[in-house]
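Novice: structure of the sequence below:
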Amino acid sequence: MQPLDLFLNLMLGLVGSAYLLYGRKQAAGLPMLCGLMMMVEPYVVPGFIGQLLVGILLAALPFLRR
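Specialist: Down below sits the predicted model:
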């Protein structure tokens, strides 16, 4: 595993856990779901580019929904 992959996985997990905690605190389902998916996504999506694109989409989804 490359250092860039480890950094991306760390950032996706960090941002995902922040979304999950925010969603739980505000009782908002979409940020909570996106946070959970961002934390699980590095285990499911192969490749750096795929993880990056899916992570950006999941991070932007709650803002696009508003």
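Novice: which helices and strands sit right next to the lengthiest helix in the chain?
Specialist: Secondary structure of the chain per DSSP state H: the longest helix is helix 3-26. Using 3 or more Cβ pairs under 8 Å, 6 or more residues apart in numbering; DSSP states H and E, the elements in contact with helix 3-26 are helix 29-44, helix 48-65. No exception for glycine: its C-beta is placed from N, CA and C like everyone else's.
Novice: out of those, which one sits most buried?
Specialist: helix 29-44 (a mean of 18; mean count of other Cβ atoms under 10 Å).
Novice: circling back: run the angle between the longest helix of the chain and helix 48-65 for me.
Specialist: 20 degrees (axes from the mean of the first three to the mean of the last three Cα atoms, to 10 degrees).
Novice: list the buried ones in helix 3-26?
Specialist: L8, N9, L12, G13, V15, G16, Y19, L20, G23 (16 or more other Cβ atoms under 10 Å).
Novice: output the helices and strands packed on helix 3-26 as TSV; include the columns mean pLDDT.
Specialist: As requested, these are exported to TSV (pLDDT from 0 to 100):
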stretch	mean pLDDT
helix 29-44	94
helix 48-65	94
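Novice: turn the ones you listed into TSV, columns for distance to M1.
Specialist: Below are the helices and strands packed on helix 3-26 laid out as TSV (distance: least, Cβ to Cβ, whole Å):
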stretch	distance to M1
helix 29-44	11
helix 48-65	10
